[in-house]
Structure formats: C-alpha cells, structure tokens
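Peer 1: Output the structure for:
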Amino acid sequence: MSWSLKVSRELDLRLWAPGFWLSVPCAMVTLWTLILASAAGLAAASPPNIVLIFADDLGYGDLGSYGHPSSTTPNLDQLAAGGLRFTDFYVPVSLCTPSRAALLTGRLPVRMGLYPGVLEPGSRGGLPLEEVTLAEVLAARGYLTGMVGKWHLGVGPEGAFLPPHQGFHRFLGIPYSHDQNLTCFPPATPCDGSCDQGLVPVPLLANLSVEAQPPWLPGLEAHYVAFARGLMADAQRQGRPFLLYYASHFSGQSFSGHSGRGPFGDSLMELDAAVGALMTAVGDLGLLGETLVFFTADNGPLPPGVTHELASSLDLLPTLAALAGAPLPNVTLDGVDLSPLLLGTGKSPRQTVFFYPAYPDEVRGVFAVRSGKYKAHFFTQGSVHSDTTADPACHASSPLTAHEPPLLFDLSEDPGENYNLLGGVAEVAPETLQALKQLQLLKAQFDAAVTFSPSQIARGEDPALQICCQPSCTPRPTCCHCPEPPP
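Peer 2: Presented below is the predicted three-dimensional model:
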C-alpha cells in the first residue's frame, strides 16, 4: 500500500537566521507535515502517532517545493503540494546541538547551557538530565518512543546523555555528527592523514551498545528505515501510540551520482526516498488517519494554502503535548501551543521571536528581535559557513558589529532584509519609530529576564569519554575498530 495525499496537510516552515537567509552545516529549514483524517481527529481522546523527521544541512532553497530547479524530491514535493505553507517559522539557533535541544525541549539553548558551538565526541557535558524532552512527555502518556539517526546532544560517562536516558525507549544511530572523524567514510577515497582529527571511528549505537564502529555508512539509511518500520509495527501490536524521531544524515551508494547536483543532491535524493518509505510504512499499517508526520531540517482533510502566522521550533513540544493530551513539564518554556492554529480554531499565540548567535553571551544578549512584521538587528557577524553567499557582510571576514540604532526591516515588504528603514532616509515615519521603540523595549525586557545556565560545552573534553567498542583496548583511538562488513 502506498501513502496518499488525500488526507494530508503540510506546513512548510523556514529558518530565518539572524541577518540573512542561509544554509549552514546544521542549520535547519523546516516543514511541518500533518497526515491525518480530520481536524476533529486531533482532538480525539486517542492520542495521535507522531513521526518527526529531521534533515541535516538542508537549506531553505534546496527543495523543489521551494523553487529549486533541479532538486529531485518527489515525496517531499508531494507533501508540500497538498499542504499549508508557513512562511514565518524559525529555529532559535542555526547550529546542530542547540537547535536540536530546543526542538526536543521547547526551551532556549542558553537556559540549558548548550552554548557556545556544538558538543564534541569527548565532551563532558550534554543535554542536562533534568531537562524534560518531548520523548519523556509522551512516554508518560503511554507512547512507545524511538529515535534513529544523529543525536548530537552529548554522550557523557557511561552514555549518561544518550537517548535511552532522555525518554527514548529505543535508539539506533550515531551519537554525534558523522563528520566528527573524517577518516571513516567508506567507500570514499581514503584520507591521507591530514584530516585525521584524532578521534575514535564513528560508532553506530543500538540503545547503549556499539553495533559497529564504524558502520557501513552507505547502508545506514536502509537500516534506519527498517528500524522505524519495526517501531511502528510493535506499537500497533501493543495498542500504543508511538513517537518516532528520525534524524537522517547520510546518503548511500544506491543514490550516488543520480541527482545531477553532486553529493549534496544525492543525499537529498536519498532523504526524499526515506520519507517516501516511512510514509509507505505508515500507510501499510493503516495508520495514516491517526498519525502526525513532521518534516524538519538541525522541522477531515485540511485545506492547502499559505499562512504568515509566526511560529518556532520551540513550539513543537507544547503543541504536541496538547494534541496528545499530555501535561507540560514544570519548567519555563519558550515555546507556545500552536494546536488552535493547526485545528483551525485560532491563530498563533506567538508574537515575537528572539535570535541568539551560535556563540552567545549575556552581555550582548539576543542579536535580533522580530515582532509582527518588523525585525531589528542589534548585532551582526559573519560566518565561515556563509562565505559562498553574495553578501560580503555574511562572510567570515565580517566582524562582530554593534548597531545603534539597530538595523530595522519590514519583513512584509522586504523579506530578504535588503532595505534598512533607518538608513539613508531624511525622515523616519512615525510608525517606524514606534516599531523601533517597541523592539528595543522587547530586547531589554527579554535580556533581563533570561538567565544563562553554565555552559555544558565549556566543561571541556575527555578523550576517555569517546565511545569505544573495545573499552579496555590500546592504543586508543585506533584500537576502537569493530567495523560492519559491507553487504
């Protein structure tokens, strides 16, 4: 049985990074895709199944549904064609570790100490265990919870920060980014040693056990899909709803050279095929009418269309908790419940979005604030990942710059942020001045209210914390080698 778009609603959501649109490693363009029989079904007593698909390194303009002329993504394009597109959906930080933490907790990364940058294979820190994840919220509601793919929220002593200790009953995947040892990419050309990072080979974990180190990466996606099918089928047999968090991040040989866009396009093509396989699995189990499917990128039948309501990946946890009938954790949440918007009974309660850089600090606070149609940049800084963009202000050579007054944009007229409303004008309109004062006040109030937790990443690294399939072997890291044979 194949899946059908006749009972689907799809919400395309995009990442707006502070200062510019971009595609950076671990930045995430976001689509929300809801597959359901009717809006009323969401409010029913039986909680829905949830599939959360998380792409890695996917830019806003990389999908055919967003206008890319040569992307081969028929499954994702089908979802987009049958859905409701969000034009104003944001992630709080365009970087792997903090963005994934925000998605799973509904909290700003600075509240959890997940700054600056990302966690490494030997990091002492991780997603604090006192944080309550979406998996923990739904497990308490009776869900069977599982995760496949890239975790990147810490390993810790004895795997203390891994998914099985964060609410996931089952886990199959890589504990961090698979490029955090550049010597382990079969069947790629062997590295000459100049890119050796001195790390253990990338491990594939099944719960807390090493299944292979390194795994046969070209077969990883098929392995992930089989795991996902098994989780869904087991939940159905047990009469339980399920949460599947699917964080794909690698492409295999079967798609190599097929996309016409090089390795990136090949990877995107395989991701699209995996989405199709997951949708087919949901359909084969007869669960299309009771399953929510969200596609995100480190995001009766309901009518297609476009909405300009403001939303964030921080809103995922409170929204899904409401739809599942689960109580919210007793912590400060930065997300809001979007279920009235999804059910067609109301609008998004979100009025503002605050933007932190990848390396934040309490002195400067948020770099940018959006409220309504206006957005102000109080600080800007270039990024090495944006050196290929046309705007030199985005390049790594562009220094951290404070703006007083801030750069101010009307996103309803200028979504590309090309025309500063306060720059080079003889007279500023009263409405613009009022918007400026409001944004300045919002920043001051927000910065005063948010407390940074001590940085987990600043706790440093310990090579002994790197996962090894033979824990007592020497010499490390080279002895940590239990490879998976190719098929």
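
Peer 1: The longest strand along the chain pairs with which strands?
Peer 2: In the chain, with assignment by DSSP state E, the single longest strand is strand 401-410. If you go by DSSP bridges, strand 401-410 pairs up with strand 374-380 (antiparallel).

Peer 1: Would you map the helices across this structure?
Peer 2: Secondary structure of the chain (DSSP state H): helices located at 39-42, 74-81, 96-105, 109-112, 134-139, 220-238, 262-284, 316-324, 339-343, 430-449.

Peer 1: Which one of those helices lies nearest to residue 308?
Peer 2: helix 339-343 (11.6 Å; Cβ to Cβ). For the C-beta atoms, the positions are set from N, CA and C on the backbone; glycine is no exception.

Peer 1: Please work out which of the helices of the chain is packed deepest.
Peer 2: Most buried of the helices of the chain, by mean neighbour count (mean count of other Cβ atoms under 10 Å): helix 96-105, with a mean of 29.

Peer 1: Just confirm residue 367 contacts residue 375, I think it does.
Peer 2: No - using Cβ atoms under 8 Å, residue 367 is not in contact with residue 375; the gap is 11.0 Å.

Peer 1: what does the domain assignment say about this protein?
Peer 2: Using automatic domain parsing, the domain parsing of the chain gives 5-350, 366-449.

Peer 1: Give me the average confidence score over the first one.
Peer 2: It refers to domain 5-350. The average pLDDT for domain 5-350 rounds to 79.

Peer 1: and if you look at the last one?
Peer 2: Summarised as a single mean, pLDDT over domain 366-449 is 91.

Peer 1: what about that domain, how long is it end to end?
Peer 2: 12 Å (Cα to Cα, to the nearest Å).

Peer 1: what distance separates that domain from the middle of the whole chain?
Peer 2: Taking Cα atoms, centre = their mean, to the nearest Å, one finds domain 366-449 lying 24 Å from the centre of the chain it belongs to.

Peer 1: got it, and stretch 342-359?
Peer 2: That offset, for stretch 342-359, works out to 15 Å (Cα atoms, centre = their mean).

Peer 1: which parts of it are buried?
Peer 2: 342, 348, 350, 353, 354, 355, 356, 357, 358 (16 or more other Cβ atoms under 10 Å).

Peer 1: Near the nearest residue to the third one once chain neighbours are set aside, how many residues? Count them for me, please.
Peer 2: Setting aside the residues directly before and after it, residue 350 is nearest to residue 310 in space (Cβ to Cβ, 6 or more residues apart in numbering), at 4.7 Å. Using other Cβ atoms under 10 Å, residue 310 has 23 other residues around it.

Peer 1: Quick one: residues contacting residue 310.
Peer 2: 88, 89, 348, 350, 351, 352, 353, 370 (Cβ atoms under 8 Å, 6 or more residues apart in numbering).

Peer 1: Adding distance to residue 97, write these out as a markdown table.
Peer 2: Listed next are the contacts of residue 310 as a markdown table, based on distance: Cβ to Cβ, whole Å:
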| residue | distance to residue 97 |
| --- | --- |
| 88 | 25 |
| 89 | 20 |
| 348 | 27 |
| 350 | 24 |
| 351 | 28 |
| 352 | 24 |
| 353 | 20 |
| 370 | 23 |
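
Peer 1: Out of these, which comes closest to residue 293?
Peer 2: residue 89 (16.2 Å).

Peer 1: hmm, what's the outermost residue in the chain?
Peer 2: residue 426 (42.5 Å; Cα atoms, centre = their mean).

Peer 1: any idea how far that residue is from residue 240?
Peer 2: Residue 426 is 65 Å from residue 240, where distance means Cβ to Cβ, to the nearest Å.

Peer 1: Repeat that for residue 458.
Peer 2: Taken as Cβ to Cβ, the span from residue 458 to residue 240 is 40 Å.

Peer 1: Same question for residue 357.
Peer 2: From residue 357 to residue 240 the distance is 41 Å (Cβ to Cβ).

Peer 1: Kindly report the same for residue 268.
Peer 2: 33 Å.

Peer 1: Kindly report the same for residue 274.
Peer 2: 24 Å.

Peer 1: same deal with residue 89?
Peer 2: For residue 89 relative to residue 240 (Cβ to Cβ), the value is 30 Å.

Peer 1: One more: residue 476?
Peer 2: 41 Å.

Peer 1: which residues touch the residue nearest to residue 74 when sequence neighbours are not counted?
Peer 2: Counting by Cβ to Cβ, 6+ apart, residue 272 is the residue found nearest to residue 74 once chain neighbours are left out, at 6.6 Å. For residue 272, the contact set (Cβ under 8 Å, 6+ apart) comprises 72, 73, 74, 75, 76.

Peer 1: Now distance to residue 385 too, for those, in CSV please.
Peer 2: CSV is the format used below for the contacts of residue 272 (distance: Cβ to Cβ, whole Å):
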residue, distance to residue 385
72, 24
73, 22
74, 28
75, 27
76, 23
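
Peer 1: Next one: residue 398 from residue 441, what distance?
Peer 2: Distance from residue 398 to residue 441, by Cβ to Cβ: 28 Å.

Peer 1: That should have said residue 113, apologies.
Peer 2: For residue 113, the distance to residue 441 - Cβ to Cβ - is 28 Å.

Peer 1: do the same with residue 246
Peer 2: 41 Å.

Peer 1: likewise residue 165?
Peer 2: Residue 165 is 41 Å from residue 441, by Cβ to Cβ.

Peer 1: Figure out which of the helices of the chain is closest to residue 254.
Peer 2: Per Cβ to Cβ, nearest to residue 254 of these: helix 262-284, 7.5 Å.

Peer 1: roughly how far is the closest one from the heart of the chain?
Peer 2: Using Cα atoms, centre = their mean, the offset of helix 262-284 from its chain centre is 17 Å.
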